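Asker: I'll drop the sequence and a predicted model, then ask my questions.
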Amino acid sequence: MLKSLKLLFVKALEDEGEESLGRALREAYLQFEVRDESGEWLLLALKEHEHYLLPTSLSHDLLKFLDEIEKGCLENQYLMPFLDQLEEKELPSDIRKVIDPIHLLSFAFAMERLNLLTRANPLLLEEVVRFFQKVRFKRGFYRVSNLLGIIKLHSIQKPVVLFLKAWKKGRMSKNFAKFFLTLNIFEAFLVDLCTGFWANAKATLPLMFFNPNYQGFFGLFKKYHFGAPSRFSEDGNGLLLFSPAQKEWSDLYQVWNMALVVQFPQSVYLLTKLLIPSVSRYSDRPGNYMHQRISALLLAMNFIDMAHHHPRTKVDISQIPPFPKEIIERWGYINELSARDYMRLVRRT
């Protein structure tokens with residue numbers, strides 16, 4: 001499945017010229033609402049990064065980008081068993097018929113560049129949060145009919161805001177984000193139960209049990225390896241969270257969350273936020289995984305809501321359906337087996 005999907009995007013790139021690719025990327029920033037039709041950056045802080053956000057050798061950069069996405073998939077030991085089981089005939093063909101590969105790739109690339117910039121500069125991240133808040137008010141995001149969307153987005157934005165406050169103070173508690181993350185996973189666990197994907201719901205149990213800075217419970221469960229306190233990254237600009245065997249914890253979180261998000265419309269766009277390299281290539285920096293994942297999710301949720309209710313391009317992402325039920329069920333079953341494998345890994349020997 002991985003190779004066939006990569007070929008789909010490579011062929012789309014080969015069929016497009018640099019001018020067409022550049023136009024698609026500019027439209028992606030337009031849909032992110034950070035740029036207008038005249039080419040002016042509405043988020044002024046991005047103007048000095050224009051050459052980074054809109055590179056001239058775009059086809060070359062996009063091919064490298066696809067390679068990095070593939071590497072991120074290959075590095076996840078719990079994702080490959082699922083991908084290896086899928087035959088070409090089992091790919092969701094109804095989804096392939098309605099997606100525009102260049103539009104999806106431009107969305108992913110723009111999100112990747114924005115995610116990397118905000119990771120390098122928390123002040124820019126703060127500006128992005130404030131900017132999107134203004135855009136949402138302007139676009140009528142805060143409507144009664146969108147109550148669930150409002151709750152979901154602010155549950156994502158809240159840890160970002162708390163991190164920025166801690167960053168300004170220069171200190172954070174050893175349990176920073178620990179319980180908030182567990183609550184967020186529990187909410188998604190309930191979604192899996194309600195949609196009938198019980199195997200995938202079971203995969204969340206070790207994710208919640210072995211939350212960041214896991215130290216056992218009142219002296220119990222000492223037979224498991226411990227995590228480590230939350231802290232700032234070495235450069236001081238990121239959040240590091242550590243569960244026992246953090247790399248494998250991140251692998252499990254990735255595959256569980258992937259099987260969760262493809263249950264909903266706009267499935268491939270929700271899935272893409274987990275596949276971009278700044279999120280998926282965490283094998284050498286597993287503690288930084290959740291920081292990059294949350295900031296990418298914040299970017300993606302703003303894009304998807306704007307694209308759905310205030311489209312700025314001809315691509316209608318509302319037509320993209322969920323993945324077929326049989327694929328999600330198989331994925332969930334494999335994720336449940338992966339969760340058991342993780343439990344065995346963190347048990348003290």
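Answerer: Noted; the coordinates are in hand.

Asker: show me which positions of stretch 308-328 end up buried.
Answerer: Residues of stretch 308-328 classed as buried: 312-313, 315, 317, 320-324, 327-328 (neighbour count, 16 or more other Cβ atoms under 10 Å). For every residue, glycine as well, the C-beta is placed using N, CA and C.

Asker: just the CA trace of it, in CSV.
Answerer: This file holds the C-alpha atoms of stretch 308-328, laid out as CSV (Å, rounded to 0.1, in the frame of the first residue of the first chain):
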residue,chain,number,x,y,z
HIS,A,308,-15.2,22.9,4.5
HIS,A,309,-17.1,26.0,5.4
HIS,A,310,-15.1,28.7,3.5
PRO,A,311,-13.4,27.0,0.5
ARG,A,312,-10.9,29.1,-1.3
THR,A,313,-10.0,26.5,-4.0
LYS,A,314,-12.0,24.3,-6.4
VAL,A,315,-11.3,21.2,-4.4
ASP,A,316,-14.2,20.1,-2.3
ILE,A,317,-12.8,18.2,0.7
SER,A,318,-16.3,17.6,2.1
GLN,A,319,-16.7,14.9,-0.6
ILE,A,320,-13.9,12.7,0.9
PRO,A,321,-15.5,9.8,2.8
PRO,A,322,-14.2,7.8,5.7
PHE,A,323,-12.2,4.7,5.1
PRO,A,324,-14.1,1.4,4.5
LYS,A,325,-15.3,-0.3,7.7
GLU,A,326,-13.5,-3.5,7.0
ILE,A,327,-10.1,-1.7,6.7
ILE,A,328,-10.6,0.2,10.0
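
Asker: show the average pLDDT along it.
Answerer: For stretch 308-328, mean pLDDT rounds to 90.

Asker: just stretch 44-51 next, same as before
Answerer: 95.

Asker: and the strands in the stretch 101-250 of the chain?
Answerer: Under the criterion DSSP state E, counting those that start in this stretch, the stretch 101-250 of the chain carries strands at the ranges 228-232, 239-242.

Asker: okay, Pro265 and Ser233: tell me how far apart.
Answerer: 35 Å (Cβ to Cβ, to the nearest Å).

Asker: actually Val34, sorry about that
Answerer: Going from Val34 to Ser233 by Cβ to Cβ gives 25 Å.

Asker: these two - which one has more neighbours?
Answerer: Per other Cβ atoms under 10 Å, whichever of Val34 and Ser233 has more neighbours is Val34, with 24 against 14.

Asker: ok, the more buried one touching Leu44?
Answerer: No: in this structure Val34 lies outside contact range of Leu44 using Cβ atoms under 8 Å: 9.8 Å.

Asker: what residues sit buried inside stretch 39-57?
Answerer: Buried, per 16+ other Cβ under 10 Å, within stretch 39-57: 41-43, 45-46, 49, 53-55.
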